[in-house]
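In: curious how this folds, go ahead:
(one chain, ligands or ions: 1)
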Amino acid sequence: MADPILATDGLGLSFGTLKAVDAVSLKVRRGAMTGLIGPNGAGKSTLFNLLTGALKPDAGTVRFDGQNITGMPSDRLFALGLGRTFQIPRPFARMSVLENVMLAPKGQIGEAIAGPFLFRGRMQAQERDIRNKALEVLDFVTLDALADHPAGQISGGQMKLLELARVLMGDPKLILLDEPAAGVNPVLTETLIGKIEELNRQGTTFVIIEHDMDFVMRHCDPVIALAEGRVIFEGTSDAALTNPMLLDAYLGATTDE
Ligand SMILES: Nc1ncnc2c1ncn2[C@@H]1O[C@H](COP(=O)(O)OP(=O)(O)OP(=O)(O)O)[C@@H](O)[C@H]1O
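Out: This is a model prediction of the structure:
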């Protein structure tokens, strides 16, 4: 594949004797919506955690947009344009929706040791810019009317939209979505996927973990499948449907989905 946006080589992480991610080498095509599938416990979330700096690998490398990012912390990756959402969103419940979005950018002047006095004017200008951007992003994800609501009081689906809004504050080139449709009502799922597809048309690359095969078939191509920490399939979504390895992996797994 020419110029993948993300590539791993021999990536691995063990928990004790369990190889949760085992020598994973894969490439993510720039501009694509790649589906990441696999039975429960296959290592999908652990792989996301390795790609986004939440966990450090004990083997292998990750390259993002031509740069070695292995082991880099998530705030640096966010600044480089690599964002992710979580399977279970965890906003600051008592802060407003808007404040949660405004918290997303890192490396603000106020956080520097140089201190607030010297930079008060710049800080205020920066805060205003961040606020304006956050309002724009909330408008895009259709949460503008809820900007002043406590984030803990919005629905599960709205929390997923809030997660997307927070990620968008980093102007991401690549967004990793962990089960965006799980636990979301069908109307909000449509809103969410509509926004994801709009961003994709504008050039944002996505990798999406999803158990709902119907969702994967409709929205993702290509598909990468993991089982027991290893890549067992990479190909088109059509080919995934009839692949015997995949059928075995799913039928052989104890799954509650
Ligand atoms: N922090 C941890 N400590 C020990 N074992 C872990 C840890 N995180 C994950 N595991 C184990 O690693 C394996 C991979 O888990 P992971 O959550 O990555 O799978 P998954 O494919 O995302 O599963 P699901 O679809 O159920 O979310 C599982 O056997 C899991 O129990």
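
In: from the contact counts, what lies against whatever helix or strand Leu164 lives in?
Out: Taking DSSP states H and E as the definition, Leu164 sits inside helix 156-168. Using 3 or more CB pairs under 8 Å, 6 or more residues apart in numbering; DSSP states H and E as the contact criterion, the neighbours of helix 156-168 among helices and strands are strand 82-84, helix 97-102, helix 120-140, helix 186-201. To be clear about C-beta, it is placed using only N, CA and C from the backbone, and glycine gets the same treatment.

In: rerun that using 6 Å as the cut-off
Out: In terms of contacts (3 or more CB pairs under 6 Å, 6 or more residues apart in numbering; DSSP states H and E), helix 156-168 is packed against helix 97-102, helix 120-140.

In: what's the offset of the first one from the middle of its chain?
Out: Which is helix 97-102. In terms of CA atoms, centre = their mean, to the nearest Å, the gap separating the centre of helix 97-102 from the centre of its chain is 18 Å.

In: and the contacts of that helix?
Out: Applying CB atoms under 6 Å, 6 or more residues apart in numbering, the contact partners of helix 97-102 are Pro91, Phe92, Ile130, Ala134, Leu143, Leu146, Ala147, His149, Ala151, Leu162, Ala165, Arg166.

In: just want the angle from the helix holding Leu164 to helix 186-201.
Out: Using axes from the mean of the first three to the mean of the last three CA atoms, to 10 degrees, the interaxial angle of helix 156-168 with respect to helix 186-201 works out to 20 degrees.

In: relative to helix 120-140, how tilted is helix 156-168?
Out: Angle, helix 156-168 to helix 120-140, by the same axes, to 10 degrees: 140 degrees.

In: the following helix or strand past helix 156-168 pairs with which strands?
Out: Once the chain leaves helix 156-168, the next helix or strand it forms, by DSSP H and E, is strand 174-178. On the basis of DSSP bridges, the sheet neighbours of strand 174-178 come out as strand 82-84 (parallel), strand 205-209 (parallel).

In: do the first one and the ligand meet?
Out: No - using CB under 6 Å from any ligand atom as the criterion, no contacts between strand 82-84 and the ligand are found, and the smallest distance is 12.9 Å.

In: that strand: which residues count as buried?
Out: Judged by neighbour count using 16 or more other CB atoms under 10 Å, the buried positions of strand 82-84 are Leu82, Gly83, Arg84.

In: so which of those residues comes closest to the ligand?
Out: Arg84 (12.9 Å; CB to the nearest ligand atom).

In: the helix holding Leu164: how far from the chain's middle?
Out: Centroid separation between helix 156-168 and its chain, computed with CA atoms, centre = their mean, is 11 Å.
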